[in-house]
Structure formats: structure tokens, C-alpha cells
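Here's my sequence, what's the structure:
(chains A and B)
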2 protein chains.
Amino acid sequence: MKKLFFYIVLLLVSFQSEAQKASWIAYPGEFEIWTHRKQMMGRTERGENYPSLWRVDSPYSIVEFVKPVSLSKPERASMKVDGVYFISGKNGIMNSFNPNGFILPAGDYNITVKVENFKELPSLFFQAESFCSDSTWIVNSLNGDYVGAEQLNFNDPDVMPSEFKLAVKDIKAISNENVNGGVLYDFGRETYAYPVLENKDIKDSLFVCYGESREEALAMREAETFDVIYAGDFKEQTLPAKAFRYIFVKAKDGNLLSDVRALYEYLPLQRKGKFECSDTLINHIYDVSYYTLELNTRYCHLDGIKRDRWVWSGDAYQSYLMNFYTFFDEDVNKRTLWGLRGHAPITKHINTILDYSFYWMLGVYEHYFYTGDATFLKNIYPRLVETMDFCISRLNKNNIAEGMPGDWVFVDWAPIEKDGELSFEQLLFLHSLKNIYKSALATGDKQGVEKYKAMLDKLTPEFENIFWSDEKNAYLHRRKNGVVSPEVTRYTNMFSILFNYADENKKEIIKNSVILNDSILKITTPYMKFYELAALCEIGEQKEVVEFVKNYWGGMLKLGATSMWEAFDPTLPDDKHYEMYGRPFGKSLCHAWGANPVYLFGKYYLGVKPTNVAYSEYEIRPNLGGLKWIKGEVPTKNGNIGVEVNKNKIVVSTPDLNNGTLYFNSKTTPKCKNAKIEKVSNNEYMIKLASPNTIYEVRYN
Amino acid sequence: MKKLFFYIVLLLVSFQSEAQKASWIAYPGEFEIWTHRKQMMGRTERGENYPSLWRVDSPYSIVEFVKPVSLSKPERASMKVDGVYFISGKNGIMNSFNPNGFILPAGDYNITVKVENFKELPSLFFQAESFCSDSTWIVNSLNGDYVGAEQLNFNDPDVMPSEFKLAVKDIKAISNENVNGGVLYDFGRETYAYPVLENKDIKDSLFVCYGESREEALAMREAETFDVIYAGDFKEQTLPAKAFRYIFVKAKDGNLLSDVRALYEYLPLQRKGKFECSDTLINHIYDVSYYTLELNTRYCHLDGIKRDRWVWSGDAYQSYLMNFYTFFDEDVNKRTLWGLRGHAPITKHINTILDYSFYWMLGVYEHYFYTGDATFLKNIYPRLVETMDFCISRLNKNNIAEGMPGDWVFVDWAPIEKDGELSFEQLLFLHSLKNIYKSALATGDKQGVEKYKAMLDKLTPEFENIFWSDEKNAYLHRRKNGVVSPEVTRYTNMFSILFNYADENKKEIIKNSVILNDSILKITTPYMKFYELAALCEIGEQKEVVEFVKNYWGGMLKLGATSMWEAFDPTLPDDKHYEMYGRPFGKSLCHAWGANPVYLFGKYYLGVKPTNVAYSEYEIRPNLGGLKWIKGEVPTKNGNIGVEVNKNKIVVSTPDLNNGTLYFNSKTTPKCKNAKIEKVSNNEYMIKLASPNTIYEVRYN
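Residues are numbered from 1 along each chain as shown, chains lettered A, B, ... in the order given. Purely as a prediction, here's the structure:
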């Protein structure tokens, strides 16, 4: 007995000292698909469950993990498995072993762990002395594929990936008020939480109504979310999580609860991106936008926290971009991208929306471009190809991405024509082609490179021929039955600037004929404002954008917003702001796309953006936009880029990267102690930011 | 209050009187796919779990049930749903209704019930006054399809389809014996049951070993199935179900159990097909075969009950056919066919085996042909097309179904060449083409009809050219690298007779050069014996087959078999019969394909088979095969066909069908009171069996 004990201690010692750190592993994208499903399962609306409008995939149920080993001596190993499994090794299936500790024989052979889990996520944690579960394992979904396993951010053998859940913390109402025979609790600002009711006196049923606004909470059955609790006589009850600022509680017997608290549910995120300036209203807008984005950044990127809590590709695309200028949380992007795509076969557009398949493809490349995650791109590339194949298979006879029966052509919530050939959809399609072409280059898919290049070369000039109007000085909105109608909308025109389809000459033309032309139908959703404001910044209208942001987002704050809204029309009377979709409180008052100032200020005022993958090359083009001073930080995988600007000084601090360039204008000859300043043109100067982790201070005017 | 009560009573009265009978409904094939998954989840082998080798699909998770209604007055309705759901009607989503009773407004509108269930099966039971859930509802899997709902054989609102499970009943051991320090319980014959252990004295761990043979039960860890129970000190314990005749129990502390009982688990089946004859050994063989098939007919058709308990398409194909001559249980065929196929995308052959994709396609048509279930054919036809497309996409450059990388080319457990172009695989492919062509005709797929006809017309003569050898008087086994090797095997030749590819002349040639030629490699599995014996019967060798059956199956019975085996080689020494796959008890002693006499005697001795869909035309060609008398029944959807034959008399009783034909030979002029006898040729006569439910008695010689 003593001897055995000694032996075990020895084993454990060597085990501890030599072992690498194991992670849970899964088939690539499956943890993300599982998480997305978890997100998609929870919708309730006015007391009813509400299953998704589109297909939601579950993870592959049976997965085989394989690790070729070459062991010079027997090794002790242990493992944890989420599912039913067998393990086979040198001598076939390893019978009746103890997963907490078993011996692998010496030799060259494959270790295979086959895992079945029809309800959650097949995953594996494996720890031997000289190796462990990590991305060197290969994995197979029984579809004939062997790919590298995905190493998840789960390193504790006792916590399975399928136990992943958001964090919670207690929050309290800041005030309460007796009204309409019940009590209205005010939590001070928009939140997302599990309400906790404490009871002593109520014996009968209870109506609990949630409001993003005071009005909604008091609207009872007209509110978007409420609970009716039939069982009285409870001490404490925690209800399903909801979005609210206000909770109104009214008991049938007229008695009151002793207290209403809540458990705030959140994804722990780090606020890496920062922005501050001389204008306090802008700072307030930036803060509320940040909080809005934070609330909507959960298992996946949500459109809004109140209503459907589903994952929408078009909305998510903006969240990926905002994420790069705030949390730089790669995992939530990946969960969203994998989840939105799911598995083959592709039978419908993502979210059933034509444009949303394109945004998904753009999102994949943006994620790669900002993070440089080549493993992600490689793993998801086959689904990118499947998605593009699906889109190509549905082009009309003119090779134009027109809505087919069953497709939802969204573009924007706006009174515009949506049938026929829309230049907007075709431009998104062309840009998706360009992005998959770049993805094909990055992953080494030579056939893909040729195929997509050929399509681009053919379709790009065709697009110009069909939709550009010299008469209107703009891209036209659509062609139907072979006839291009003279209608101009902002969409295609602003995207042609953002995506660089218009040349510099056309950009200038479009700026005047469309972007700054008040007779063209105005954008009223923050969704499309995102792109319009970005396009304005691209053409140097930062000053105008600052004014717009102050008026528009400032307008919401004036109405008491504690998070940014789904839509805002400043011309509406004060009591009409909550209506949408024909419902009095249909509008989401906490909508991710409302948060876009966090992106604008980072990208177009601090002026930071990557010009090559993962900031391996990047540029900084600060722009005060009429503000006295601005300062802030933009996150990269290699640390933050700091920018501080006033009228006389630009201070830049570089991350652990050596290939940045600072561009700025100066009327006088600028100075910088630790860098050479090059003149680009008349007033424009350039500094190569070649030293990592360095502060460059530039005096200019 | 009184008034309300009165109103409810009135409603309930009308509800009871007018209502049709509701069934649970689901998306077509999904209940079957769910059941198949349930079947595939249970494998354990020598104490270990054993996930499937191939992909096993789960039902679609979100399904939308739609019923257009036109209600002249409000109706009371109730429903049960397996999953999370909402219901919408005339005024959108019906909020906070009570599923046990709600009112549908009058009017013309769609009722939509959207059901989400990520773990089991989304299904619906709906009962209104004038309509209910049935096959008139349409259903959508969110893949863009709307198809007719499948009306399941579940009519009790309180029993959801996902609660479907097999029946159980108590069985007892017939004897027990103290041996090897434990006790061996003998249950008298092969069974499939949950062992129930009763305990008083045992305090330590317990080894429970199962044997289809006495030897296996005593082999401990060399047996295919065993349980090690670590917790002692229990009163009663029910263990997972297993296949066994013997259970050996040995406790570490040497104590004994008070009893070992078992719960026999079974699919309730009706023995509709019957056969009896003058030979008691044949009768014994028929009975044991029937029991063997019964044990393997479960959630799906199994290959064998001991080992993997998975669903194998090639094995199942024989079970469908046997089923038509025994239980005529349509549901188990459908569960097997849908389950084996699962959902798109098709990435591998069924069970990963090339031949098994073909057997699956053949099985679909056989099921339709015997049952006439046009709804089934229509629903599954798109998957038939997908499967054929997959097979066509993997033809080699000569349009031959050759095994591609990742395919398992099975044919038979036999020492034959399996790489290159096998005539056997190509013949199965051609016959699958012919069957999908007939399915296309039956479902009205005109494009399919043309496509498959064109392929058949091209490939059938090519097949003859490549593989028929005038020199060998046989179809050759294979071509490799463009060279046809002279090797002849039985497979292609016997299938060419069964499938009618060989003309009458070639059949006669093949009979002598291959089938009755002892120098051609012999078949040793009952699997291929099935086809060989059927082919022999097709060419009139019933006598020889009777002798073979008596020797071969009789040989198993002589060795004490209580069910038919996976393989049997009469030349092996008595103690070598249980070995297979390199394991001492690897062989299954209860294998569905071992049951084939139940098919042979019904089809080729009673001589009953449909010649048009669902016996709308059928023929009876009785054949005594050297026996003094035979009698029995063959089930159809319209009742049983009875046949009784001796040397002087044939008695036939018709089911509720009017288009049968009896063929028989007679040396003298035959007589029949109630039918006209027509002479076909020399000694052959024919009687039209035009009267349903009628007995025809024929005197002949």
C-alpha cells in the first residue's frame, strides 16, 4: 500500500511539472454555434415564448478527437468529456479505465476519443504528462472531414464549455413610487437583469410589468414584456431576465411586495477603447453609447436587449466594427459569426435577409482583418464559400443579386422601393466578392482567387454601366424590368464611398449631389446613420458629423435616454417616441446600432485604423472636427494605440507594433523629437511610427 | 357564475359531439429520425459506451404548423405541444391563452403554431370543434419548404410522440446453476431484456456477464457485454437492457443474489404471416427465424441485438422484405428508412458503405410497392433524389459506381477483391436508378423520369458490354485499371437473376455456370444466402433450397441455437462457432439476416407476391419444393392471402382485393368450382382470383 502511494505521488509530481496547460477542445465553430443557440432560445414577448423565425443549428452530435502520439515511456493521463464517449489507443478501445487517471502505453499510435452528445456540445479536456488537449489535436464531425480542433478559452477541467453562462451581480432600484394601485421601481438606467421579488403580504396573483420607459412600465399589457405570477404566497422569486429601467408591480389583493431587487446579467468585458474631448455633451453621448453596446454584447451581439434578443447579421456587422474600437473582444465576434452561419445546407439567407448574407461575409473578413486570426479564417472559409455559392446560385439572369421569392430585402426601415434589381444589394454583393477574394488569397485557395477575381472583373464595370448616372451625378437606386428608374437614394452612394467603389472624382461628386443634398430622402435610423456618418467622415466632414451627433444623439439624451435607441426622429412630439411596428412600446430603447459614436470617434477623430491585417500596418489621421481637444485609445491585439490632440500638439503612443504612420496637416513646419517628419503634400505631413511602445509628441499648428 | 358554467357545459357538449379525432402531427420523417436517434444512442460494448461510426441526425428544432381555417362561428379549441411555442390566429399572436381551452374567432385565416424543441421532437396535438391536427395541416422546417404534416400514430393528447418507448414484460430464468464461484442463470432462449437483480447478502462489487451462449456468459471480460456494479448493499437494481440467454453473476465477497429476473423489452407486433408444412424441422426453423426477426424488429430494424444495436441499411433491406411476409408493420420500416437517411447535406454513404446507399434507395421503393403508401413516397422522394445525386456525383469517369476514398465497399464478409470497378456495385446502382425512375413516375416528377430513363438506357448496355463474359458464361467480378479480370463471383450473377437484368436465356446459363457450380466461391453468410436462395427459387430450385435450409439452419438448431446467427460455417469444430471479428464471442447469435426463411417460404413456397403496387395485382405460384403439404398466410394491407397446398389440392383464400392470379402446374385437368381455369402452356394453368374474401379450392395433380 505504501509503495503504491509513493508511486502515485511520483506520478503526480512528474505530471504537475512536465505537463502543458490543457484547454477544452471542440470541433471548430461548434462551441460558438452552441452559444448562439443558447442566445436564440430565450425570446419571450408579452408573456409568450417566441421561437426563431429562421433555422437555428445545434452542434454536431458525434465528434471524434484524434491525437497522434509518440511516447517514449508510459504516461499517466486523465480526461473529462462532455458526453458519452469511448477512448481508444494503442490496443484498441481502452476498457473500463478510470478517466481520472489511466496509463497510456509507450509507442507511436493515435489516441482517439469519440464523443456523442445529442443535447449540448461534445467537447474534451485531456491531460497527459507530455501533451494535452489543444489545437494540435484533429477532429472529425463524421462528415468526412478532419480539421484542427478548436482550443476554447476554458482551462478548468471541472467547468465544461457547455456550462458557459454570463455573470450576474446584485443591483437595487434607486427609488420607488406608489402609482396606479401598485409600485413603480426605478433602477436609474436601462439594464438587463433577473428581477427578484421579495414578498411577505401578497397572497394573490401579481402582475409585473417592465419598461424601458416609465410609460411602458405603467402600460401593463401594452408593454413589450411582462410576467403574470399566478402563485401568491411566496417569500422570494427570481423571474426570467428582461431589459428594463422600470418595474411596475401590482398585486390583485392590493398588497405590496417587501422589495424588488434584480440580478444584473452581463458578459464581463474590458473597456479598452477610450475617447474624451472638450465637449461634455459628446463625452456623455460616448459614455451612453458605450453602455448601450455593452448591454447588447452578450453570448452574441444582439440588436437590442428588450424585444427579440436574437442575433441579426446586419446589426451584428456594426457591432463587430464597434467592438474593435471598444472591447476588442474577439470571442463574441466569433460566437456571432459562427452562430449566424451554422451548418450546411444553406437553404435561406442569413436571418432570411438578402443583405444580411452579404454583411455576414463582410463581417468574417473584417474580423480577420482587425484581429489577424488566421485559424478562424481558415476554419470558417469553407462556410464563406458555401454562402457565396448560395448567393451566386440565386443571382438573376443578369448576374445581379435581386431578391428571390422567400428572400427578405431589407436595406433599411425606410419608404423606398425594394423589388427589382437594387444597386445597393449588388454593391454589397460585389464587396462580398472582393472580401472573399481576399479571404481566398489569405487561405491559399488558388481556385477561389481566380474564380472571384474573374467575377469581380466582369461585374464591377457592369455595375458602373447600369447604375451610375452622369445626369444625376449619382448611383441610381434600381432597375426593374430592364428599366433603370431615375430615383436616387443615399444607400448605394454612401457605400460606394465607404467601400471605395467610387473613385476620388466620383466621391467628390456624390458628396455634393447626394450626401450633402437635403432633397434626397433622409436617413432616420441610427442603423444607416452609421454608414452615412462614416461616409461623411471619409470625405472629411468630421465637423458636420460632430454637430449632427450632438443634435441627434443629444436629442435622445434630452428625452432622458440612458441608452441609445433603435430609431429616433427628432421631429416627433415628445409622447410619440416609443411607438414602432404598430405597437405603442415596440421601439427598442437600447439598440446596438444606436451606439455608433463609439466607432466614429475612434476611427475618424482619433483617426486610427489598420491598413494591413491585425494592424501589421496602420495609420493615424487625427481630426479634431471642430473640438478643442480630443484624446483616447484604440485597442489592438498588441496593446492600445493612444492619441491626444489639440490645436498645437499631437501625442501618439504606439502599441507593440512597428509599422504605423501618422498623417496630419499643419500650417507651420511641425516638430517631433524622436521621429523624422516627411512632407506629403502642401500642408500634409507624415511620420513613420516605427518604434513599438513609444510616445511621439508632435508640435504643429 | 352559473351562466358561465352552463356555457362551458354547452361548449363541451358540442365539442365532444362534432369533433374529429386528432392525431399528433410532426414534420414528415422527423418522428422517425428522432426514433432512429434513440435507437442509435444505446450502444455499449464490454462496459464502454460506443457512439455511432456515422452521423446521426436529430429532428429539425423549429417547426411551424399551419392550418388555414374558415370558421362560420367561434370555436373552442385546446392543444398540446412538445416544445416551446406560440400560436397565432386571426389577430396575430394569441396572448396568454390557456392551452387547455381557448376560443378561436370566426373568420377565414391561418392558425399557426410555431414549435421549438432543441432536444426532442417538435410536435403538436390540436383539437377544435370542426377540425383537428391531421395531415391537412402544412408544416415548415424553416428551410423554405411547406409540406403536408405527418399524422402520427399517436392519438392521446397526454402521450407525446417523444414518449414513445418499447413495451416490457417480466421474464424469469428457467434454471440456475452454481459455477465458477458464481451463479449462471439460464433464461431458456435468446432474449433482449433489462436484467433485474435482487439482493440481500452481497455487500461488495458484482460482476454481471451476459451470454448468448453459456460459454460467453462464463467468459467474463471476454464476453461482448457485461456490467460491473461497484455499489454493493442494494435491494434491487435494474440494469441497462442487453441481449442474452444466460446471465452469470459473481460477487467479490462470494455471496449470492437472491434472484435475477428480467424485463423483456419488445415492440408489440402481430404475427400476420404464417407458414407450416409437413416437415417438422422446417417448421422449427421457421419459428426460430420468426422469433429472431421479432427480436431484431425494434425502434428500427436492427442487424443484431447483442453487439452494436445500430441500424444498417443493407441488413435493414432484408428486414423490410421479411417484414412484408411476417408482421407487415409499416411503421418500423418507415422509422428505419427515414432514420438511415436523416437530413441534408449528404456527405457520406449511408453507414459509410457504398452498397448501403443503394439498398436504401431500393428499400424505399420496395416499401412503396408492398404498402402503396404514396404519402410516404412523396415525402421521402426529395431525399431519394438527393441520395441519387450524391451517388451520381461520385461515379468514376466511366460512370461506374466505384468506391471513392472514404467509402466502405462491403459486398459481403468474404475473401473477394473490393477495389476497382465491381460489377456488383454497378448492378446495385443500375437497379437503384430503375427504382428511382419508377418512384419518379409514381410521384409525377417528369424531369426525373427523363433523366433516370436516359441514364438507364445508356448505362445498362454498357454494363452488359463490360462485365458479361461469353467465355465464362457469367458476369465477371471486376475491372481495374481498364482491365476486366476473369474472376467470377456469385454476387452479380445472383442479383442479375433477382433484379431481372439477365434475360431468360442468360438466367439459365448463369444457373449452371455459377449458381449450381461448386467451384465458384461459396456464400457463407446468411446475409448473401438470402439472395442466393431467393435466386435459386426464382429459377425453380425450391427443392434444393428446402434441403439447404434443413442442413444450414438445421445445423444451427442442432448446436442449440434459439435464434438465428450472423454467420454459420457447418464445417467449423463445435467450439469455434462463436468467434468473429477476432473476438472469441464477436459473432451475433441473433441476427436479423439469419431469419430469411420467413421470407423464402412466404414468397417462393406459398408463392405470394405483389405484381403491382400494394397487391393491386398479385400472383400466387405455390411450390411444394418436395414437401408433402404446406400452408400459410401472407399479409397485405387488405387482409391476409391464405394458401394451402398438397399434391392434389390447392386452397387459396383472397383478401379484400380483386386482382390476383393463381398459377400452378398439373398433369391432369384441374378443377375449381367457383372460377374459370385457363391453360397457360403445356402443364401450366391460371385462375383469376377476381373475388375478394373468397375461398378458391382447386383439384389438380
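
C-alpha only now, for contacts and for neighbours.
Will do.

Tell me which residue in the stretch 601-701 of chain A sits closest to chain B.
Scanning the stretch 601-701 of chain A for the residue nearest chain B gives residue A:613, at 34.0 Å (criterion: Cα to the nearest Cα).

Could you report the pLDDT at that residue?
If you check residue A:613, the pLDDT there is 98.

How about residue A:216?
Looking at residue A:216, its pLDDT stands at 97.

Surely it forms part of a helix?
Yes: under DSSP: H, G, I helix; E, B strand; the rest coil, residue A:216 falls within a helix.

In space, what's closest to it - neighbours in sequence excluded?
Excluding its sequence neighbours, the residue lying closest to residue A:216 (Cα to Cα, 6 or more residues apart in numbering or on different chains) is residue A:223, at 5.3 Å.

give me the number of residues near the residue of the stretch 601-701 of chain A closest to chain B?
Close neighbours of residue A:613, defined as other Cα atoms under 10 Å in any protein chain shown, add up to 18.

Run through the residues that contact the residue lying closest to it once chain neighbours are set aside.
Nearest non-adjacent residue to residue A:613, counting by Cα to Cα, 6+ apart: residue A:369, 4.5 Å away. Residue A:369 makes contact with A:610, A:612, A:613, A:614 under the criterion Cα atoms under 8 Å, 6 or more residues apart in numbering or on different chains.

report the longest strand in chain A, please.
The strand that spans the most residues within chain A, counting by DSSP state E, is strand A:182-198.

Can you give the strand pairings for the helix or strand that that strand is followed by, parallel or anti for each?
Remark: after strand A:182-198, the chain's next helix or strand is strand A:206-211, criterion DSSP states H and E. Each strand that pairs with strand A:206-211, with its direction, by DSSP bridges: strand A:225-229 (antiparallel), strand A:242-251 (antiparallel).

Strand A:206-211 relative to strand A:182-198, how many degrees between them?
110 degrees (axes from the mean of the first three to the mean of the last three Cα atoms, to 10 degrees).

And strand A:206-211, what's buried?
By neighbour count, and taking 16 or more other Cα atoms under 10 Å in any protein chain shown as the criterion, the buried residues in strand A:206-211 are A:206, A:207, A:208, A:209, A:210, A:211.

is stretch A:401-417 up against chain B anywhere?
Yes: residues of stretch A:401-417 are located near chain B by Cα under 8 Å from any Cα of the partner chain, namely residue A:406.

show me where pLDDT drops low in chain A?
Applying pLDDT under 70 to chain A flags residues A:1-19, A:44-48, A:95-97, A:231-232.

Which residues of it lie near chain B?
A:46-58, A:61-62, A:84-86, A:95-96, A:114-116, A:118-119, A:141-144, A:344-345, A:347-348, A:406.

Give me the buried entries from these.
The neighbour-count test (16+ other Cα under 10 Å) marks A:46-52, A:54-58, A:61-62, A:84-86, A:114-116, A:118-119, A:141-143, A:348 as buried among those.

Give me the subset of these that lies in strands.
When these are checked against strands (DSSP E), the matches are A:48, A:49, A:62, A:84, A:85, A:86, A:114, A:115, A:116.

Tell me the spacing between the last one and residue A:500.
Which is residue A:116. Residue A:116 sits 48 Å away from residue A:500, going by Cα to Cα, to the nearest Å.

returning to that earlier point: now, among the buried residues of strand A:206-211, which is nearest to residue A:153?
For those, the closest approach to residue A:153 (Cα to Cα) belongs to residue A:210, at 35.0 Å.

And residue A:416, how far from chain B?
When Cα to the nearest Cα, to the nearest Å is applied, the distance between residue A:416 and chain B equals 26 Å.
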